[in-house]
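>>> Just the structure for this:
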Amino acid sequence: MNNQQLYEILIRYNHIFKDTDKIYHCFAKSCGLSDCAFRILYLLRETDTQYTQADICSVLSAPKQTVNSALKNLQSGGYISLNQAPNNKKNKITLLTEKGKELAANSADIVLEAEIKVLRQFSETELESLLSLTEKYAVLLRREYEKTSETLLKEEKEET
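Take a look at the predicted model:
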């Protein structure tokens with residue numbers, strides 16, 4: 001394929017990615033939540049893993065200030081509690097309160113159920129293709145990023 005064809009594919013891929021992101025934004029908005037607050041609730045419901053603020057920032061690739069603001073809003077609304085981590089006095093574990101579980105049931109859980117319904121519409125082969133190709137794209141993009149970063153760092157060192 002030539003570069004023009006690849007750019008057109010990239011534009012299409014980015015459009016799909018942004019459209020999907022917009023769907024999650026609309027879900028959050030319809031629940032009266034910020035995108036970050038919604039993503040935090042989703043994360044807390046997705047697995048039984050306990051998360052600190054630093055964990056949430058890392059998993060969501062979100063700035064500390066954004067996560068902190070969302071956590072404070074969720075906490076002031078009575079949706080989460082921040083409890084001392086058993087092995088580290090500095091870190092606090094984010095837990096849903098009963099009110100938070102109710103909010104999650106009416107927001108994040110609905111999205112999780114919708115996602116499962118969507119995935120059921122794919123064959124096993126399609127699901128495996130979706131996952132393997134998306135993973136391959138992420139691995140290759142990360143590799144390109146690392147190469148570019150190394151080159152930029154090398155150029156900066158040479159300039160100084």
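
>>> Need the phi and psi values for the residue minimising distance to the centre of the chain.
Closest to where the C-alpha atoms of the chain average out (Cα atoms, centre = their mean) is L60, at 4.1 Å. Phi and psi for L60, reported as degrees, to the nearest 10, are phi -90, psi -10.

>>> which non-adjacent residue is nearest it?
Leaving aside its sequence neighbours, L60 sits nearest to R39 (Cβ to Cβ, 6 or more residues apart in numbering; 5.4 Å). Heads up, the C-betas are built off the backbone N, CA and C, glycines and all.

>>> can you count the residues close to the one you found?
22 (other Cβ atoms under 10 Å).

>>> pLDDT averaged over the helix or strand that contains it - what is it?
Using DSSP states H and E, R39 sits within helix 35-46. The average pLDDT within helix 35-46 is 97.

>>> Remind me what it packs against, helices and strands.
Packed against helix 35-46, as judged by 3 or more Cβ pairs under 8 Å, 6 or more residues apart in numbering; DSSP states H and E, are the following elements: helix 3-30, helix 53-60, helix 64-76, strand 88-96, helix 98-105, helix 108-119.

>>> got the CA positions of the second one in PDB?
This means helix 53-60. C-alpha atoms of helix 53-60 as PDB (Å, rounded to 0.1, in the frame of the first residue of the first chain):
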ATOM      1  CA  GLN A  53      -5.000   6.800  43.500                       C
ATOM      2  CA  ALA A  54      -1.600   6.100  41.900                       C
ATOM      3  CA  ASP A  55      -2.900   2.800  40.500                       C
ATOM      4  CA  ILE A  56      -5.900   4.600  39.100                       C
ATOM      5  CA  CYS A  57      -3.700   7.200  37.400                       C
ATOM      6  CA  SER A  58      -1.600   4.500  35.900                       C
ATOM      7  CA  VAL A  59      -4.300   2.200  34.700                       C
ATOM      8  CA  LEU A  60      -6.400   5.100  33.200                       C
END
